[in-house]
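Participant: task: produce atomic coordinates for the following.
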Amino acid sequence: SLAAAGELFQNNAEDYFIYSRGWLNWNDVPSFVVGRRSYDNWLVDHAVHTEGVATIDCSNTVTAVHLTASDGIKAGHNKGVDNDHNINVV
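Facilitator: Got it, this is the predicted structure:
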């Protein structure tokens, strides 16, 4: 099974975000390129530092499958025009 064969990629790469409507004004979110480094970390960090927002790590509960193309699991780190965009935004 996928759960038995899979492994945690790295503990700071988040793929799922479940949140309550209205907790975040999306107009205040930096102009990230989704799929590149750091946007996921920014969202979690913002939630952790926002009063009244609970964060839950469900890594040991949810079986998440991250499909990749031929460029592999670190495609968001590949050199490209927008590779460092998110790093520069924050």
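
Participant: going along the chain, name the helices of the chain.
Facilitator: Ranges of helices within the chain are 2-5, 39-48, 85-89, based on DSSP state H.

Participant: pLDDT of the first one, averaged?
Facilitator: Mean per-residue pLDDT for helix 2-5: 72.

Participant: check the last one too.
Facilitator: Confidence for helix 85-89, expressed as mean pLDDT, is 83.

Participant: who touches it?
Facilitator: For helix 85-89, the external contacting residues (Cβ atoms under 8 Å, 6 or more residues apart in numbering) are 30-33, 36-39, 42. In short, each C-beta sits where N, CA and C put it, glycine included.

Participant: what comes up buried for it?
Facilitator: 85-86 (16 or more other Cβ atoms under 10 Å).

Participant: so what's the gap between it and the chain middle?
Facilitator: With Cα atoms, centre = their mean, to the nearest Å as the basis, helix 85-89 stands 14 Å off its chain's centre.

Participant: begin at 40, not 1, for the rest of this chat.
Facilitator: Yes, from this point I'll number from 40; that puts the last item at helix 124-128.

Participant: looking at the helices of the chain, which is closest to residue 62?
Facilitator: Of all those, the one in closest proximity to residue 62, counting by Cβ to Cβ, is helix 78-87 (7.6 Å).

Participant: render the CA-only coordinates of that closest one in PDB, please.
Facilitator: Output of helix 78-87 as PDB, limited to C-alpha atoms (Å, rounded to 0.1, in the frame of the first residue of the first chain):
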ATOM      1  CA  TYR A  78       4.700  30.000   0.700                       C
ATOM      2  CA  ASP A  79       3.600  27.000   2.700                       C
ATOM      3  CA  ASN A  80       6.000  27.800   5.500                       C
ATOM      4  CA  TRP A  81       4.700  31.400   5.600                       C
ATOM      5  CA  LEU A  82       1.100  30.300   5.900                       C
ATOM      6  CA  VAL A  83       1.800  28.000   8.800                       C
ATOM      7  CA  ASP A  84       4.100  30.600  10.500                       C
ATOM      8  CA  HIS A  85       1.400  33.200  10.100                       C
ATOM      9  CA  ALA A  86      -1.200  30.900  11.600                       C
ATOM     10  CA  VAL A  87       1.100  30.000  14.500                       C
END
